[in-house]
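Q: return a 3D structure for these sequence lines:
(2 chains)
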Amino acid sequence: MAHAHESNTKRIWIVFGILSVITLVEVYLGIIKPEALHLHGPGTSWLNWIFIILTLAKAYGIAWVFMHLEGEKKWFRRSIVWTAVFLIIYLVTLLLIEGEYLYDTLSPLVRW
Amino acid sequence: MEANIAIPSNSKDTWSGGSAKPFGASYGKMMMWFFIVSDALTFSGFLAAYGLTRFKFIDSWPIADEVFTHVPFVHGEFPMIYVAIMTFILIFSSVTMVLAVDAGHQMKKNKVAWYMFATIIGGIIFVGSQAWEWSTFIKGSYGAVKTTDGKVLQFVKDGKQIALADFVTGERTDERVQHTRKNGLWFEAEETISNYSVNQVINAYNANPAIQVRTELINLDTKKKTILSREDGAKELAKTKMVVEGANLKVNEYGNTIFADFFFFITGFHGFHVFSGIIINIIIFFNVILGTYERRGHYEMVEKVGLYWHFVDLVWVFVFTFFYLV
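A: All right, here's what the predicted structure looks like:
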């Protein structure tokens, strides 16, 4: 806790600035949706990849600085981050594969 | 009690888990973190289920830009703007929270109290905004019809969506009036009936050659919903079962009903977290004012509710991305 008693107000405002800029970029891209990014890309569109990466960057900023994970002991941090990240990746991968399977199976039955 | 803690002690800190501090974190802080991990997994479950359903209906999922276009007190369509403002409010309340924690480390009671107060206000504004967003979504903006095979048909004029109120005229033709308790049989009321009858909408469509029907099907080359020709539109409209105005758990004028279900469920669950966060913040705020933590010698409680509050912000970052952006 030795580090905790000095004020790091300046750093907080810098991180707030970064998070705001990221949000502004996301909203801007979400409104104009440039065709080159919106209509092409691996798996999903490039635009979606940009959104996901920017979101993870924001999550990192919030968890590391605001929630002060950077100041915790290494293995405490890992017990939190690794657990969540591993289980979430596992769950999301399986469910999205299943979702795609459902689409492939059911969509031929829908007449538009 | 002694049997349950790692190092028996008779000192004051027994209630908080004794003097043993694995990972150098206090008992309370560690448990808050592990609660947050489990809660994060709950939210992941919801969002992953949303992802599965969206992939299942990938060619007909509602386009978020066309659903959330309203800003309070302003007319017109501004996709994304209001949710972006809500996001800023929540991020900013996270900043005031972390400033409160920071002031707590320096034992500045007044500063902690003011920053906590700002955080509470931010939270209240956020929940209020969400309530407004819900009510706008429930009321709906354009109105649509639903066919017997469960498809939602919307109406467009010159490629832009048009509200039922803007082109449907004439008589209802089915003579329906809202059946209320006052004039009803056995004092029974019925559910709200739609403003227009099915026949009325179809007649208005036939009478106005400028109107076209838009289906839910997304053209994957342009990522836009398909607009039908006048003839195909008439064919689809012939299958109309009901007029849909707004969205709820049973029908949704914007498209798939399950989109509305997930919207209510996930943003509702998040809103409930914000609400409980506000309550907890208020309790801690009063403790700060009363000097509880001054006497205890540290402001760790502020840090712990801070963790919860930041977590709520963290979840919103993901909800924002997967509901409104992607």
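
Q: and the residue of chain A that's closest to chain B?
A: In chain A, the residue that lies nearest chain B is residue A:99 (2.9 Å; CB to the nearest CB). Yep, even glycine has a C-beta here, placed from its N, CA and C like the rest.

Q: let me see the contact set for that residue.
A: B:51-56, B:58 (CB atoms under 8 Å, 6 or more residues apart in numbering or on different chains).

Q: cool, and residue A:45?
A: Contacts of residue A:45 (CB under 8 Å, 6+ apart): A:37-39.

Q: list buried residues within those.
A: A:37-38 (16 or more other CB atoms under 10 Å in any protein chain shown).

Q: now, the contacts of residue A:45 that are in helices?
A: Per DSSP state H, helices hold the following members of the contacts of residue A:45: A:37-38.

Q: output the lowest mean pLDDT helix or strand found in chain A.
A: Of all the helices and strands that make up chain A, helix A:35-38 has the lowest average by mean pLDDT, DSSP states H and E, namely a mean of 89.

Q: output the contacting helices and strands for whichever helix or strand comes after that helix.
A: Scanning forward in sequence from helix A:35-38 by DSSP states H and E, the next helix or strand is helix A:46-61. Helices and strands in packing contact with helix A:46-61 are listed as helix A:9-32, helix A:35-38, helix B:300-319; criterion 3 or more CB pairs under 8 Å, 6 or more residues apart in numbering or on different chains; DSSP states H and E.

Q: what's the angle from the longest helix seen in chain A to helix A:46-61?
A: Identified as the longest helix of chain A according to DSSP H is helix A:74-106. Here the directions of helix A:74-106 and helix A:46-61 differ by 160 degrees (axes from the mean of the first three to the mean of the last three CA atoms, to 10 degrees).

Q: which of the contacts of residue A:45 are close to chain B?
A: A:38-39 (CB under 8 Å from any CB of the partner chain).

Q: am I right that residue A:65 is in contact with residue A:12?
A: Yes. Counting by CB atoms under 8 Å, residue A:65 touches residue A:12, with 7.0 Å between them.

Q: need the residues touching each of those two.
A: residue B:98.

Q: any idea which helix or strand carries residue B:155?
A: strand B:152-157.

Q: picking that back up, so what touches the least confident helix or strand of chain A?
A: Taking CB under 8 Å, 6+ apart as the rule, helix A:35-38 contacts A:29, A:45-47, A:50, B:223.

Q: okay, now the unreliable bits of chain A?
A: A:1-7 (pLDDT under 70).

Q: if we use 50, what do you get?
A: A:1-4 (pLDDT under 50).

Q: and if you look at the stretch 1-150 of chain B?
A: B:1-2.

Q: can you tell me the helix or strand for whichever residue of it sits closest to chain A?
A: In the stretch 1-150 of chain B, the residue that lies nearest chain A is residue B:55 (2.9 Å; CB to the nearest CB). Per DSSP H and E, residue B:55 falls inside helix B:27-56.

Q: give me the angle between that helix and helix A:74-106.
A: Using the same axes, to 10 degrees: helix B:27-56 against helix A:74-106 is 20 degrees.
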